[in-house]
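Q: give me a model of this one.
(chains A and B)
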Amino acid sequence: MNPWNPDTLRIWNKLTQPALKRAGEALSHLTAQPVELTGVGTRTVAWPELESKIHLENPERDPVYATHLGAFGLFPADILLVFTQADAARLLAVLTGSPPSEPFELDELGSSALAEVGNILGTAFLNVFADTFQQPWEPTPPEVTVGPFAEVVARIFPHWKPQDAVLLSEALLRVGPAVMEGYLVVVPRPWRDGSSSAAEKGAPQ
Amino acid sequence: MKILVVDDAAFMRLRLRKLLEDQGHTVVEAGNGREALDRYRAERPDLVLMDITMPEMDGIEAVRALTAEDPEARVVMVSALGQQAMVLAAIQAGAKDFIVKPFQPDRVLAAVSKWGRHG
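A: Now for the predicted structure:
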């Protein structure tokens, strides 16, 4: 079943590029480094395929550092910003101006910084859609989760089942020549009960 | 100038504190809108820098409550939520200005200079 109104889907596809670009610009401002976006786009995937986006030597064991925001208003959606441990450490070093601790441990300030990066990037994405539709699209306060990727995803998205085909917008964000890389994904929630989103009620033509 | 920085992210409060203290300002902090109201009553700051997305009480609600209690309160929003509708809502609630995160330090200092109560 495709839960999407075709007009909404068309607009979602059209706005994804500028919205992700805005998120990349926000990261560039935050880090004072150039940011390159790759793999930018919208696709429908079988839910478990998401895991292949993060390059982990041992996906079952290696932790990822994920900032999650819900979004409400225009579309109910989830936003996830994911880093490997090495990338999280490098990003925090850039943001705080201190070298990463060895071994890396996420302290309260580091967790707050990752949460804020997710908040700023995710909200930059939302802002593009909100201004186009002229309706608010607000994030929930960000939360940082650490653990193997599959566990993190299962915890954050309990409503998705392995057999589900999921619409998502995504990009890999590469900071500086070789500083770090993060994966940003925005997942709108379908309306299984036949109700429509604020966006479907007010989609611009 | 005494400035109340309201943000749920300790990292962002620290960034703003450093920027403002380097300019000779005194900074007090709050982690959400409700705490901001208490801190405002206790500290009577010359300016409030207010985030929007926060737990317990968001920044728009806090500005509304604050300016209802003290119509002379000076509040500048500092938020990632730079959507036209939110900027309008913040200004209607009583905010003087709106700075979108990630902020440029000069933009924050210019707003402090323009909107803070001097002397």
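Q: from here on, just use CA atoms for contacts and neighbour counts.
A: OK.
Q: check contacts around the closest residue in space to A:Pro76 that isn't next to it in sequence.
A: Excluding the flanking residues, the one nearest A:Pro76 by CA to CA, 6 or more residues apart in numbering or on different chains is A:Arg189, at 5.7 Å. Neighbouring residues of A:Arg189 by CA atoms under 8 Å, 6 or more residues apart in numbering or on different chains: A:75-78.
Q: which one among the residues you listed gets closest to A:Glu60?
A: Of all the contacts of A:Arg189, A:Glu60 sits closest to A:Asp78, with 23.3 Å by CA to CA.
Q: quick one: what helix or strand has that closest one in it?
A: Assigned by DSSP states H and E, A:Asp78 belongs to strand A:77-84.
Q: what about whatever helix or strand comes next after that strand and chain B, any contact?
A: Sequence order places helix A:85-96 as the next helix or strand after strand A:77-84, per DSSP H and E. No. Applying CA under 8 Å from any CA of the partner chain, one finds helix A:85-96 separated from chain B by no less than 8.9 Å.
Q: chain B contacts on chain A?
A: A:26, A:29-30, A:109-110, A:112-113, A:115-116, A:119-120, A:123-124, A:127-128, A:130-131, A:134-136, A:138-141.
Q: and A:Leu81, what pLDDT?
A: pLDDT, A:Leu81: 96.
Q: my error: substitute A:Leu95 in the last question.
A: So, for A:Leu95, pLDDT stands at 93.
Q: could you do B:Leu14 as well?
A: 97.
Q: okay, now it: neighbour count?
A: Neighbourhood size, B:Leu14 [other CA atoms under 10 Å in any protein chain shown]: 15.
Q: confirm it sits in a strand?
A: No. Secondary structure of B:Leu14 (DSSP: H, G, I helix; E, B strand; the rest coil): helix, not part of a strand.
Q: need the three-state assignment for B:Ile3.
A: Per three-state DSSP, B:Ile3 ends up strand.
Q: got a list of what it touches?
A: Neighbours of B:Ile3 in contact, by CA under 8 Å, 6+ apart: B:25-28, B:45-49.
Q: beta partners for it?
A: The partner list for B:Ile3 in beta bridges (DSSP bridges) reads B:Val27, B:Leu47.
Q: please, which helix or strand holds the residue positioned nearest the centre of chain B?
A: Ranked by distance to the mean C-alpha position of chain B (CA atoms, centre = their mean), the top residue is B:Leu49 at 1.5 Å. For B:Leu49, the element it lies in under DSSP H and E is strand B:47-50.
Q: next SSE downstream of that strand?
A: Moving toward the C-terminus from strand B:47-50, the next helix or strand (DSSP H and E) is helix B:59-69.
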